[in-house]
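Asks: From the sequence below, what's the structure:
(one chain, ligands or ions: 2)
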Amino acid sequence: MHEDPPEIVAAKRTLRATCRAIRLPAHLSETAASQAVCGKLHTLLLKHDSAGIIACVWPLAGEIDLRPLCASLHREGRTVCLPDTPKKGHPLIFRHWTPTSLMLEGRFGTRHPDGPAVTPDIVLVPMLAFDRRGYRLGYGGGYYDRTLAALPKARPVGYALSTQEKPAIPTGPHDIALPLIVTEHEIIRC
Ligand SMILES: Nc1nc2c(c(=O)[nH]1)N(C=O)[C@@H](CNc1ccc(C(=O)N[C@@H](CCC(=O)O)C(=O)O)cc1)CN2
Ligand SMILES: Nc1ncnc2c1ncn2[C@@H]1O[C@H](COP(=O)(O)OP(=O)(O)OP(=O)(O)O)[C@@H](O)[C@H]1O
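Replies: Ligands and ions are numbered 1, 2, ... in the order given. Now for the predicted structure:
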């Protein structure tokens, strides 16, 4: 397995720094947009097999907050899980979540439930930036690319604010284009 070439690593690093710098203030004034993303994801997920396990994301500061979506899905009888972040180089472990789950502190400021590990059918994927081809930029751990490579049957759905769209994300050999990206305005089929 090859790592990204040095020029791609550098290009991703530069874009990541820019995106991180503008993220938090944008989010503070865009709570309605965050709720709209949850609403659009909910509509999309209602169309999918109700037996499926859905991997959501517990937010870090400045990210879209999917917690209302987690609660709605649980109320509707869907099975929700959340990522537990292992050491770098390993895929995420998804743990079953319910509103009464004990949330444990994980790596890089993430939090995860203490529930059993499960295999999701649908994986909601957080992004720092994305493009219309379906490519995403994350925090740089390579976690979602490794996770999706290990779960070929799972259906990934990226989500972000429309302001996080870029003309083109730099890509390396492991980047997997997402077939669907949801923003507060639209469902983008890539
Ligand atoms: N809410 C949320 N959970 C998530 C992700 C995410 O993007 N958002 N992840 C998406 O993959 C995974 C965690 N990935 C991460 C990978 C690397 C770093 C990281 O290297 N952070 C730097 C800088 C932290 C900071 O500046 O505060 C570090 O800790 O040095 C953080 C998260 C799984 N859980
Ligand atoms: N399936 C994989 N196998 C081996 N290396 C991988 C795999 N996926 C990603 N990587 C490597 O991990 C490193 C980080 O990847 P990248 O910069 O794309 O992270 P990211 O998508 O921004 O992070 P994250 O998914 O954690 O939010 C890169 O060097 C990349 O080549």
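Asks: got the phi/psi numbers for K166?
Replies: Backbone torsions for K166, taken as degrees, to the nearest 10, come to phi -120, psi 160.
Asks: close enough to count as contact, it and M127?
Replies: No - using Cβ atoms under 8 Å, K166 makes no contact with M127, being 10.2 Å away. The C-beta positions use only the backbone N, C-alpha and C, and glycine is treated the same way.
Asks: Give the intersection of the neighbour lists for the two.
Replies: Shared contacts of K166 and M127 (Cβ atoms under 8 Å, 6 or more residues apart in numbering): L137.
Asks: Neighbour count: those two, which is higher?
Replies: M127 (23 against 17; other Cβ atoms under 10 Å).
Asks: Contact partners for the more buried one?
Replies: By Cβ under 8 Å, 6+ apart, the neighbours of M127 are 136-138, 158-160, 164, 181.
Asks: Check I64 too.
Replies: Here I64 is in contact with 27, 34, 37-38, 126, 159-161 (Cβ under 8 Å, 6+ apart).
Asks: Compute the distance between it and P170, please.
Replies: I64 sits 23 Å away from P170, going by Cβ to Cβ, to the nearest Å.
Asks: Ok, K40 next?
Replies: Counting by Cβ to Cβ - K40 and P170 are separated by 27 Å.
Asks: pLDDT-wise, which helix or strand of the chain ranks last?
Replies: Sorted by mean pLDDT, DSSP states H and E, the helices and strands of the chain end with helix 6-28, the least confident at a mean of 85.
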